[in-house]
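Asker: following is a predicted model, sequence given first.
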Amino acid sequence: MDIIEILKEDYQRFPANQTYSIYAPDVYFQDPLNKFRGVKRYKQMINFIETVFLNTKMDLHNIQRLGDTIKTEWTLSWNTPLPWKPRISIPGWSELSLNSDGLIVSHVDYWNCSRLDVVKQHLFAAKM
């Protein structure tokens, strides 16, 4: 199966049962809150999302490969386990870089909103 199909399936079931074998062992990951290296840390972050957040969903809007770069556009949403369980939504995109073996060596996420916008969603979300 090609990496685009694997990524599409991973996004569909995110955060459960992700395909970590498509990442290089020392993959570099960065998003507006984290920056680290290593597939082990990446697994820990995904496990945290799966364990703590409720009804997590990753909607993939677009995916395209240009040479050894893959760009995805998505919206990540979940309910935070606060008493009022606010529904949080982060639109963004990822840039994935592949090495000569076709493994992801860099995964950088960008948000189309600020960290403050995300905090505001928690504070001012409509009560469920």
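Answerer: All right, it came through fine.
Asker: number of nearby residues for Val27?
Answerer: Val27 has 23 neighbours, counted by other C-beta atoms under 10 Å. C-beta here means a position set from N, CA and C on the backbone, and glycine is covered the same way.
Asker: so is it in a helix, a strand, or just coil?
Answerer: The three-state assignment at Val27 reads strand, by DSSP: H, G, I helix; E, B strand; the rest coil.
Asker: what's the distance between the nearest residue to Asn112 once chain neighbours are set aside and Asp117?
Answerer: Spatial nearest neighbour of Asn112, chain neighbours left out: Pro91 (4.3 Å); criterion: C-beta to C-beta, 6 or more residues apart in numbering. Pro91 is 10 Å from Asp117, where distance means C-beta to C-beta, to the nearest Å.
Asker: what of Lys43?
Answerer: In this view, Lys43 and Asp117 are 28 Å apart by C-beta to C-beta.
Asker: would you map the strands across the protein?
Answerer: 23-30, 35-37, 54-66, 69-79, 87-98, 104-111 (DSSP state E).
Asker: which one of those lies nearest to Ile4?
Answerer: Closest approach to Ile4 among the strands of the chain is made by strand 54-66 (6.0 Å; C-beta to C-beta).
Asker: by how many degrees do that closest one and strand 69-79 diverge?
Answerer: Relative orientation of strand 54-66 versus strand 69-79 (axes from the mean of the first three to the mean of the last three C-alpha atoms, to 10 degrees): 170 degrees.
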